[in-house]
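Peer 1: Everything below, folded, please.
(2 chains)
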Amino acid sequence: MNFPVLSVVTFLPLAGAILLIFLPAEKKNLLRYAALAFALATFAVSLTLYFNFDATTPLPQFEEKSAWLGYGINYHLGIDGISLYLVLLTTFLLPIVLLSSWTYIEKRIKEYLIFMLLLETGIIGVFVSLNLFLFYVFWEAMLIPMYFLIGVWGGPRRIYATLKFVLMTMFGSLLMLVAIFVLYAYYYRATGIYSFNIFDHYQLILNPGVQAWLFLAFALAFAIKVPMFPFHTWLPDAHVEAPTAGSVILAAVLLKMGTYGFLRFALPLFPDATERFLPLLAVLSLVGIIYGGLMALIQKDVKSLVAYSSVSHMGLIMLAVFALNVEGVEGAIYQMLNHGLSTGALFLIVGILYERAHTRLIKDFGGVSHQMPVFAAFFLVCMLSSVGLPGLNGFVGEVLCLFGVFRVSTLMAILGVTTVILAAAYLLWMYQRVMHGPITNEKIWTFKDMNLREIAYLAPIVIMMFWMGIYPETFLRKMDSSVVHLLNRVKNRQRVFVQEAGPAREKLAVAKPVEAWTQESMAEGTAIKNAVIEVDMITGNWAKKEEKLEAEDKERGENPDE
Amino acid sequence: MTESFWLIPFIPGASAFVLAVFGRWLPKKWVSFQACVSVFASFVISVVAWLGLLKVDHESLPLVKTLFTWIASGSFSANLSLQLDPLSSVMALVVTGVGFLIHVYSVGYMGHDKGYTRYFAYLNLFTFAMLILVMASNIVLMFVGWEGVGLCSYLLIGFWFEKHSAASAGKKAFIVNRIGDAAFILGIFFLIVHVGTGEFRAINEAVHSGHLGAGLVTLIAILLFIGATGKSAQIPLYVWLPDAMEGPTPVSALIHAATMVTAGVYMVSRMNVLYTLSGEAAQIVAVVGALTAIYAATMALTQNDIKRVLAYSTISQIGYMFIGCGVGAYAAGMFHLYTHAFFKSLLFLAAGSVMHALSGELDMRKMGGLRKYLPLTYPTFLIGAIAIAGVPFLSGFFSKDAILTQAFAHGQYFVWALGIMGAVLTAFYMFRLIFLTFHGEERIEAEAKRHLHESPRVMTVPLVILAFFSVVAGYVGLPVVFGEKANLFNRFLEPVLEPAHEAHLGLGTEWTLILVSVAVAICGIYVAYVFYLKSPQMPHTLVRRFPGVYKLLYNKYYVDEAYDAIFVNPTVKGSEAVYTHFDLKVIDGTIDGTAEATGLAGRVLSLFQSGLVKDYALAMLLGVVIFLGYLLF
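Peer 2: Purely as a prediction, here's the structure:
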């Protein structure tokens, strides 16, 4: 790959933000158009990722690698079938949210747009980084623009909300930072190589006790981000206070960083710990589904209702991830995209209502359909997408998630399927109270139906909802090999051992089968004397690596079998 | 032409799309034309496909058309594929045929409504979803139709969304259906995991080969049936259907009488191998059907709202269809579905015509003596009532009799007895409705009377056509007393239905059972005649004599209230309590508390940062002393 597509996609928004700095703050429309142009250009470039994506390989594609700070801190980008769609989701939504805040944000528009573009760079960076250090930099960097977006352009309790959001997220991510360095140290001890490369770390086999601690550190960071019950309370606050665009990005993309983190890092890095904590995490996810649904039922503010519905939906996604089978994980990724579209759209819709009514309390509405028939239709489709009605995107994801869960636990599937009822209950009830019935609030008589700009930014989402519901093949097939590969890694544990003592390089060798190792490590508890590289049966990927290492060993005149 | 059967659902589907997206720019005449013609086109193809099907030999059934792979991931896969076999052919004919007449009727009935285009978009969409439901070749796609018709039902019940009751009724219908659907989804999962696919053909083969254990088959059959109790309004999930009468009357005729609510019966017939194999599940189906049949009939006795009487009647009649399926006589169940589609949609449309005449009046206490004002509505209504009451030689007689005879033949005497009791009640409440509405003294309000008029031709012609079929539709399924081969309907469905362990009764018993049904029907009608024409004070006397029973029936056994008290309110109240006491206090309290504790710790520690050099010097000294002390000792 000669043309650095990923770098362009990642940093084009940043370039836009820098350009915006030099534009005069009074020329508001110029600023808006410039920001929109950059967002659209980023989307256009990111589409080439989809079209040039090779569905047959699980290896990272569009890889870019160059030295950066040394000691394994490299600039290393690449995407696979999992991150591809999250990048596309981000670039797809950014022009939409910029359009949605076209007239609503008047205050400090220049700074606002700069932060939006910075946010985009941060988010894409998280999804494309293959270097743990670089990932962490983006992970944290992304918080800064979000902090200001809520804190400056938010509602009355914005300071409380934004602090809560940032502090809770930081609390989790600091532990993750520690874990990253521990991992780095282990890798160095095992191989004598400094590396933050995620694919190097995948080969590491850690003692289950160490895995447990590191896993918990990563999992906490991601669980707060998702958010999983009981770490969810920052979400309703942040959503209620954030401006519409902030809410959309937050729900649609930021939360996915948590689920993505589990898929990319927590599960494949620590397969034993995953297995150990699986029951706990699955139960928390399940609680999240039902708890979030019940809380959504009784919210008085439309935004916090949608926020709690996110807790419920994200719970289903996490539960499906922990099913650890193809249906579950593909369903989870698909549902991540669906949730991005449907919840994002619902926040846009709440924004449209808020711009007219300056309230979000359900009781202040009623009978809006009468004044805004076009809006009613859009709202209906987005709501039904969130409910998971067949024919729309939500169903495909939901049914795959539940099926994946069903294959591992009937009981969990039975409990999880309640989401089908709950989602219908809280969303339809809300829709009824807002859109139906007689008009009681005088102000509603003055509401105008959606204008062309509003239709322009909701229509693409609605089209995607239908597309993803009717022909999911477009999306699913490019996930297959990455998902299968990921599951192999988590379940079959092909990897390299860590040796506690001895010269660095010699531990890489073909040795005992995995079962023998597991029993041995159970018996010994700590040090593992041997190293193994197992061949990935599906892809043959690790076989190459093994041959290469053997070749290197031979060069040094050593016998790979000690 | 038979091969193009897959076009049947997509023509109304395309029409719905055009109306939904471009409808606001289309002239009203074009909207009516397009909506009706699209369904008629589907009807024509259905007829051609049916004729073609008669020539296809049984081995090559069903004809399957796979359009593309819809969802595929791991071991889960579902195609967008449609199939044509006798069962789906019958359903397609009913849906498009009756559907077309109701579309035409709607042109008149909804003529002055401002949501005219939206109405037809929904109605076309419904037709599309219903046809997907009946023509899907796998259970996942069937579920798409299943939910799709639920959506249309929601939209059409709440069509007049400005009315609070209409909006609530729509929502209730959707949510109650979703409860059933949750079970249905689990049933689908069990099937896919154990059969490997959701294709009906493969399911049949797997069940036949004994690949699925008996317990599993029962479980799946029950889960799917729970879904059916939602969609087909059976105990315990029937509560949405009476409220659904808030929708426009043609909608009640199409969705809540002729087609959608019978989807459960179709589903059970489609999955008949499961129910045939699992005696327990089939018994549940039969008993639930029988109980619903009589239970709903008792509620119909005391209602004064003309549409609600018909709604309870529908619930009751679907109960009969399930009796048929439950005793293994799927063909009889399907036969009743088919005849019911004619006479019940006729009754609803005729009721709509009455409403139209009376400026929207629904209360039978404000009717009476209408027969001379409505010269076409009255006879058609009467035909519908006679047909449903089970009077010989009309369609309802043949189909209901087929079900009850089969129940008796299979030794289900309890179910049979409930069915017979239900039949008395059916005849009674239908003629109560006829007498209160069309006979006796006029109780019409003066204002309504000034506008009193017979409906336009566009509405009455469909009534006449439906009345015609209500009379003759039964002759394709004559009982066995007219000869072994007299039941053409059964023979047509044979290839798709399990060869049930045919229970044969002697001709004498057959005749006796027929006479019992006839006697029962006439008895019901006679009692209604006595009560509401001969001595109209009788009902009042009875009410005074048994006020408790009357109140219980009038208030529908307080089931809605009980569901609210047991399920809805505790959920809402409980969630509110958890929200305020747990979410806000415990979780948020912990987080805010941690933040405050950190702040407090910071303030306490900051006391040490006094900024005075002497304090720091003292601290250093202390530190050195402690350190040295530690090292030395």
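Peer 1: what's the domain layout of chain A?
Peer 2: Chain A resolves into domains spanning A:5-488, A:489-546 when parsed by automatic domain parsing.
Peer 1: Output those domains as a markdown table; include the columns mean neighbour count.
Peer 2: For glycine as for every other residue, the C-beta is placed from the backbone atoms N, C-alpha and C. Converted to a markdown table, the domains of chain A look like this (neighbours: other Cβ atoms under 10 Å in any protein chain shown):
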| stretch | mean neighbour count |
| --- | --- |
| domain A:5-488 | 21 |
| domain A:489-546 | 16 |
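Peer 1: Tell me which of the ones you listed approaches residue B:72 most closely.
Peer 2: For the domains of chain A, proximity to residue B:72 was assessed by Cβ to Cβ; domain A:5-488 is nearest, at 6.8 Å.
Peer 1: Ends of the closest one, what's the gap?
Peer 2: Domain A:5-488 has its terminal residues 29 Å apart, counting by Cα to Cα, to the nearest Å.
Peer 1: Let me know the average pLDDT across it.
Peer 2: In this model, domain A:5-488 has an average pLDDT of 91.
Peer 1: Now do the strands in the chain.
Peer 2: No chain in the question, so chain A it is. A:61-70, A:73-79, A:204-205, A:496-497 (DSSP state E).
Peer 1: actually chain B
Peer 2: Here chain B has its strands, by DSSP E, at B:63-73, B:76-84.
Peer 1: quick one, which of those strands is packed in tightest?
Peer 2: Mean neighbour count (mean count of other Cβ atoms under 10 Å in any protein chain shown) peaks for strand B:76-84 among the strands of chain B, with a mean of 23.
Peer 1: just checking, what packs against that one?
Peer 2: Using 3 or more Cβ pairs under 8 Å, 6 or more residues apart in numbering or on different chains; DSSP states H and E as the contact test, the elements touching strand B:76-84 are helix A:393-408, strand B:63-73, helix B:116-135, helix B:139-157.
Peer 1: what's the residue closest to the geometric middle of the chain?
Peer 2: I'll assume chain A. Centroid-nearest residue in chain A, with Cα atoms, centre = their mean: residue A:256, separated by 1.9 Å.
Peer 1: please go with chain B instead
Peer 2: Note: chain B centre (Cα atoms, centre = their mean) maps to residue B:261, 2.3 Å.
Peer 1: For residue B:274, see how far away it is.
Peer 2: Plainly put, residue B:261 is 21 Å away from residue B:274 if you go by Cβ to Cβ, to the nearest Å.
Peer 1: circling back to that earlier point, TSV for the domains of chain A, including distance to chain B?
Peer 2: Listed next are those as TSV, based on distance: least, Cβ to the nearest Cβ, whole Å:
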stretch	distance to chain B
domain A:5-488	3
domain A:489-546	13
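Peer 1: What residues does the stretch 51-200 of chain B have near chain A?
Peer 2: Listed as neighbours of chain A in the stretch 51-200 of chain B under the rule Cβ under 8 Å from any Cβ of the partner chain: B:68-76, B:118, B:140, B:143-144, B:147-148, B:151, B:154, B:158, B:161-164, B:167-168, B:170-171, B:174-175, B:178-179, B:181-182, B:185-186, B:189, B:192-193.
Peer 1: ok, 6 Å please
Peer 2: Within the stretch 51-200 of chain B, the residues that sit near chain A (Cβ under 6 Å from any Cβ of the partner chain) are B:69, B:71, B:73-74, B:76, B:144, B:147, B:161-162, B:164, B:167, B:171, B:174-175, B:178-179, B:182, B:185, B:189.
Peer 1: Tell me who's in contact with the closest residue to residue B:398 other than its chain neighbours.
Peer 2: Nearest residue to residue B:398 in three dimensions, chain neighbours excluded: residue B:474, at 3.5 Å (Cβ to Cβ, 6 or more residues apart in numbering or on different chains). Going by Cβ atoms under 6 Å, 6 or more residues apart in numbering or on different chains, residue B:474 touches B:339, B:395, B:398.
Peer 1: Now go through those and say which are in helices.
Peer 2: B:339, B:395, B:398 (DSSP state H).
Peer 1: quick one: low-confidence parts of the stretch 401-550 of chain B?
Peer 2: Counting by pLDDT under 70, the stretch 401-550 of chain B has low-confidence residues at B:499-503.
Peer 1: OK, now which residue of it is nearest to chain A?
Peer 2: Nearest residue of the stretch 401-550 of chain B to chain A (Cβ to the nearest Cβ) works out as residue B:447 at 23.2 Å.
Peer 1: Can you tell me how far that residue is from residue B:438?
Peer 2: Taking Cβ to Cβ, one finds residue B:447 at 20 Å from residue B:438.
Peer 1: which one of those two has more residues nearby?
Peer 2: Applying other Cβ atoms under 10 Å in any protein chain shown to residue B:447 and residue B:438 shows that residue B:438 carries more neighbours, namely 22 against 10.
Peer 1: quick one: the more buried one and residue B:378 touch, right?
Peer 2: Yes. Between residue B:438 and residue B:378 there is a contact under Cβ atoms under 6 Å: 5.2 Å.
Peer 1: Need the residues touching each of these two.
Peer 2: In terms of Cβ under 6 Å, 6+ apart, residue B:438 and residue B:378 are both contacted by the residues residue B:371.
Peer 1: How many residues are close by the closest residue to residue B:514 other than its chain neighbours?
Peer 2: Distances taken as Cβ to Cβ, 6+ apart place residue B:401 nearest to residue B:514, at 6.0 Å, with adjacent residues excluded. Neighbourhood size, residue B:401 [other Cβ under 10 Å]: 25.
Peer 1: How about residue B:413?
Peer 2: By other Cβ under 10 Å, the residues close to residue B:413 number 10.
Peer 1: circling back to that earlier point, roughly how far apart are the residue of the stretch 401-550 of chain B closest to chain A and residue B:456?
Peer 2: 21 Å.
Peer 1: ok, and what's touching the lowest-mean-pLDDT helix or strand in chain B?
Peer 2: Every helix and strand in chain B was compared by mean pLDDT, DSSP states H and E; the lowest is helix B:446-451, with a mean of 82. Contact with helix B:446-451 is made by B:358, B:359, B:361, as judged by Cβ under 6 Å, 6+ apart.
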